[in-house]
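Chemist: need a 3D model of the sequence below.
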Amino acid sequence: MSADWRPTAGFQTLRLRAQLLSEIRRFFAQRSVWEVETPLLCHTTGTDPQLDFFASQYHCPPNNPTFYLQTSPEFAMKRLLAAGSGSIYQICKAFRNGEAGRFHNPEFTILEWYRVGFGLQALMDEVAELFKALLTPFLPGLSIKQISYQDIVKQLIDLDPLVFDRQTYQQAAIRLHSPEAEGLCGDDHALWLDFLFSHHVQTRLPHNTICLVHGYPAIQSSLARIHPEDARVSERFEVFINGLELGNGFFELKDADEQARRFAKEITQRQTQGLVDVNMDERFLKALQAGLPDCSGVAIGLDRLLMIATGCESITQVMAFPIANA
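Modeler: Modelled structure (predicted):
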């Protein structure tokens, strides 16, 4: 008899998942950050051309509108912030179409939080505090390292990520034994950076270390503020442990007009790539117009965090029912 009805994660792992969720809630309660819920089924979705989404028809005559499962609760949470909620967090499911593999499941669990009055440095410090609290029992001696994107790329692959020259990047790819990058990336600076970082930088980050890489190139950050002293750099960071990306954080963009311009650019990119058309989230833009407070926010993949805690090699080992037997 087939056993595909059984959970793919053991009960010890699933109990640990419950324990981590309790610890996260305790962490934020101690800091007076309150938990919220926002819709996962919404009228619009994000415009990022790198993210695919799930759409669903709502049987509500006469219009039968299309709704979208959210790739992140970000826009709705920012509407709460603009309305005056103060610092908030959410633990929920998120959905990304076409993503399945060792580190991906199309339905996954996300922790997202926003800290009013925090700059990027304060939020990076809080991420490190949370990770130390959650992971030290499993990774004794866990250290913390903060480094700029430009410095780590120069250090590990001898390339300046803020200055694009196709020939220089092509030569770097050949030197790194990745000649296929030329055909994949062409003249797209952002694609080059995605390829080179994921293949040759991320995998070489120090182990047993919470690595907070900050100062991402502005071309890769549609929702973050631009650095006031260098327009090539955004106020964004990502956090990695043992080469695995666990989270993405921003000093949040407040300018509604600038956000609309960035959305329009992404919509044009989607059209150029032949992707499904999407509309801007007008409610989100209205919230920005009303006034988003100075805040920083971050999203953490909790399934991946559980992988780090347990030493599991695949995301299916930390989920009760991944997509293959959902």
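
Chemist: surely residue 183 is within a helix?
Modeler: Yes: Residue 183: assigned to a helix according to DSSP: H, G, I helix; E, B strand; the rest coil.

Chemist: count the neighbours of the closest residue to residue 290 other than its chain neighbours for me.
Modeler: Using C-beta to C-beta, 6 or more residues apart in numbering and skipping residues adjacent in sequence, the residue nearest residue 290 is residue 82, 5.1 Å away. The C-beta positions use only the backbone N, C-alpha and C, and glycine is treated the same way. Number of residues near residue 82 (other C-beta atoms under 10 Å) recorded here: 19.

Chemist: and residue 82, how close does it get to residue 285?
Modeler: Residue 82 is 11 Å from residue 285, where distance means C-beta to C-beta, to the nearest Å.

Chemist: with residue 107 instead?
Modeler: 28 Å.

Chemist: ok, residue 107 - contacts?
Modeler: Contacts for residue 107 (C-beta atoms under 8 Å, 6 or more residues apart in numbering) come out as 93-95, 323, 326.

Chemist: thinking again about what came up before, relative to residue 263, how far out is the residue nearest to residue 290?
Modeler: For residue 82, the distance to residue 263 - C-beta to C-beta - is 17 Å.

Chemist: helix, strand, or coil at residue 152?
Modeler: Relying on three-state DSSP, one would call residue 152 helix.

Chemist: list the contacts of it.
Modeler: 201, 205, 213.

Chemist: ok, now with 7 Å
Modeler: The contact partners of residue 152, by C-beta atoms under 7 Å, 6 or more residues apart in numbering, come to 201, 213.

Chemist: show me where this protein has strands.
Modeler: Ranges of strands in the chain, per DSSP state E, are 34-35, 41-42, 54-57, 66-69, 88-95, 107-116, 143-148, 209-214, 226-227, 230-234, 236-241, 244-251, 295-301.

Chemist: just checking: what are the partner strands of the fifth one?
Modeler: The sheet places strand 88-95 alongside strand 34-35 (parallel), strand 107-116 (antiparallel), with pairing taken from DSSP bridges.

Chemist: got the contact list for residue 150?
Modeler: 160-162, 215.

Chemist: nearest to residue 11, of the strands paired with strand 88-95?
Modeler: Of all the strands paired with strand 88-95, strand 107-116 sits nearest to residue 11, with 17.5 Å by C-beta to C-beta.

Chemist: now do the closest one: distance to the chain's middle.
Modeler: Between the centre of strand 107-116 and the centre of its chain there are 9 Å (C-alpha atoms, centre = their mean, to the nearest Å).

Chemist: please apply the same query to stretch 291-298.
Modeler: Using C-alpha atoms, centre = their mean, the offset of stretch 291-298 from its chain centre is 16 Å.

Chemist: got the end-to-end distance for that stretch?
Modeler: By C-alpha to C-alpha, to the nearest Å, the extent of stretch 291-298 from end to end equals 19 Å.

Chemist: one more: stretch 294-306?
Modeler: First-to-last residue span, stretch 294-306, C-alpha to C-alpha: 31 Å.

Chemist: poorly predicted segments of the stretch 101-250 of the chain, please.
Modeler: Judged by pLDDT under 70, the stretch 101-250 of the chain has no weakly predicted residues.

Chemist: now the strands of the chain in a markdown table, with distance to residue 78?
Modeler: Listed next are the strands of the chain as a markdown table, based on distance: least, C-beta to C-beta, whole Å:
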| stretch | distance to residue 78 |
| --- | --- |
| strand 34-35 | 16 |
| strand 41-42 | 13 |
| strand 54-57 | 21 |
| strand 66-69 | 17 |
| strand 88-95 | 10 |
| strand 107-116 | 7 |
| strand 143-148 | 26 |
| strand 209-214 | 21 |
| strand 226-227 | 18 |
| strand 230-234 | 17 |
| strand 236-241 | 16 |
| strand 244-251 | 11 |
| strand 295-301 | 8 |
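
Chemist: of all those strands, which one is nearest residue 3?
Modeler: Comparing these by C-beta to C-beta, strand 107-116 comes nearest, at 21.5 Å.

Chemist: now that closest one and strand 295-301, what's the angle there?
Modeler: 160 degrees (axes from the mean of the first three to the mean of the last three C-alpha atoms, to 10 degrees).

Chemist: gap between stretch 28-39 and the chain center?
Modeler: 19 Å.

Chemist: ugh, wrong one, stretch 166-181
Modeler: On C-alpha atoms, centre = their mean, the centre of stretch 166-181 falls 27 Å from the chain's centre.
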